[in-house]
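Participant: task: produce atomic coordinates for the following.
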Amino acid sequence: MKVFGDELSVAALRERTGDLSSVAGVREVELSNGVERGVRAVQLRSSAGLEVEVLVDRALDLGPARFRGVPIGWRSGNGFRHPGLHEHNDEGGLSWLRALDGLLVSGGLDHTLFGDEVDAGHYRYPPKQTVAHGLHGRLTAIPGRLLEAGEVWDGDRCTFRVRGEVVQSTSFGEHLRLTRTIEVDFDGLELRLYDVVDNLGFERTPHMFLYHLNFGWPIVDAGTEFVAPIAETTWRSDSVAEQGVSYRVQPDPKPGFVEQVYEHRLVADDGGRHRVALIRGDSTLGVEVSWDADTMPCFFEWQNLRSGQYAVGLEPSTHHVSGDAAARADGSMTWLEHGESRSYRTTIRVLDGAEATTAARDAIRRVAGQPD
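Facilitator: Predicted coordinates for the structure are as follows:
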């Protein structure tokens with residue numbers, strides 16, 4: 001393993017410390033103050049300086065993330081609210097915005113994108129002819145059940161693993177389960193996310209899934225470049241034309257900035273993966289996100305460049321921006337029968353220094369270019 005610049009065997013490392021957690025490790029904690037009180041979390045820390053918190057009681061989403069003490073994930077100011085404080089139908093379905101904070105906020109499991117009221121006749125419960133959804137669904141406010149948090153050894157190689165499950169269910173409605181596994185190598189610069197969603201119920205059930213991956217300062221700063229192999233941009237929010245801010249190079253924070261959202265159609269690499277990156281203007285630091293193109297074929301870029309909210313979101317998605325009702329109408333909705341499942345693999349990798357950022361940019365460029 002590479003530890004503080006040296007290649008060391010496990011035996012050599014153990015000779016130098018009585019506890020490997022002095023170098024890297026896994027730790028279970030519970031947040032204890034304010035709106036976060038009672039939220040369980042698991043801290044993952046690699047010897048390369050990658051740190052991330054898995055929020056067990058927030059659907060096993062990802063909270064704070066740092067690299068050598070430098071924040072990577074975005075912080076909105078909301079805090080990681082205890083799910084008991086969440087009111088799904090409040091504020092016209094926009095209450096999800098009060099739960100938006102941290103590196104990853106997942107949308108799903110039966111609905112993503114903006115709120116909608118859709119047919120519920122497939123559940124065969126006469127008092128429930130329709131079901132109303134808020135922004136990005138119910139998932140993020142459901143506590144998870146922790147199944148595993150610890151070290152996995154393969155010879156001299158060590159991986160830190162967190163595994164748990166989140167069940168979204170109601171009588172006479174959906175009964176979906178998310179099983180999530182998160183891994184970081186002992187000396188790793190990347191986080192690997194493996195998700196499986198399966199239908200535990202006996203009714204045919206819609207399934208939609210989205211990762212709201214949020215990056216803030218100092219990765220996002222004036223001059224930060226969004227790099228992606230874009231075949232075409234199929235949708236833009238009205239704010240793009242009104243504000244004229246580049247989707248590709250970020251400006252300084254702007255007071256009163258209205259979020260800009262794009263749906264980009266990406267080109268997959270030879271391995272069937274979509275790859276995008278955010279790279280600082282000085283090329284000293286960046287992040288690359290990659291995922292399986294066949295399971296999450298859609299992608300949104302979210303520019304929230306408002307002062308005090310400054311962030312860029314990279315959002316792999318199972319469905320287009322037109323949402324739930326449109327997916328049902330055009331036949332693109334994913335329906336899971338009893339026992340059926342869908343699997344997802346995503347990697348978030350820190351790009352440390354000019355050599356790493358240049359290599360990532362060049363690799364994406366070899367897949368496809370992108371419009372100015």
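Participant: give me the distance between residue 7 and residue 280.
Facilitator: In this view, residue 7 and residue 280 are 28 Å apart by C-beta to C-beta, to the nearest Å. All C-beta atoms are positioned from the backbone trio N, CA, C, and that covers glycine.
Participant: between those two, who's got more neighbours?
Facilitator: residue 280 (21 against 9; other C-beta atoms under 10 Å).
Participant: skip the chain neighbours and tell me the closest residue to the more buried one.
Facilitator: residue 224 (5.4 Å; C-beta to C-beta, 6 or more residues apart in numbering).
Participant: over to residue 84?
Facilitator: Residue 84 sits nearest to residue 38 (C-beta to C-beta, 6+ apart), 7.7 Å away.
Participant: I'd like to know how many residues surround that neighbour.
Facilitator: When neighbours are counted by other C-beta under 10 Å, residue 38 registers 14.
Participant: what helix or strand is residue 351 located in?
Facilitator: Taking DSSP states H and E as the criterion, residue 351 maps to strand 341-352.
Participant: buried residues of that strand, list them for me.
Facilitator: 342, 344, 346, 347, 348, 349, 350, 351, 352 (16 or more other C-beta atoms under 10 Å).
Participant: specify the beta-bridge partners of the first one.
Facilitator: Looking back up the chat, that one is residue 342. Using DSSP bridges, the bridge partners assigned to residue 342 are residue 197.
Participant: the residue nearest to residue 84 and residue 62: what is the separation?
Facilitator: Distance from residue 38 to residue 62, by C-beta to C-beta: 19 Å.
Participant: longest helix in the chain, please.
Facilitator: In the chain, assigned by DSSP state H, the helix with the most residues is helix 354-367.
Participant: now do it and strand 341-352, the angle between them.
Facilitator: Counting by axes from the mean of the first three to the mean of the last three C-alpha atoms, to 10 degrees, helix 354-367 lies at 130 degrees to strand 341-352.
Participant: tell me which stretches of the stretch 101-250 of the chain form strands.
Facilitator: 104-107, 116-119, 130-133, 145-154, 157-169, 175-185, 190-199, 205-207, 210-216, 225-227, 230-236 (DSSP state E, counting those that start in this stretch).
Participant: outside of the last one, which residues touch it?
Facilitator: By C-beta atoms under 8 Å, 6 or more residues apart in numbering, the surrounding residues in contact with strand 230-236 are 247, 260-267, 320-321, 368-371.
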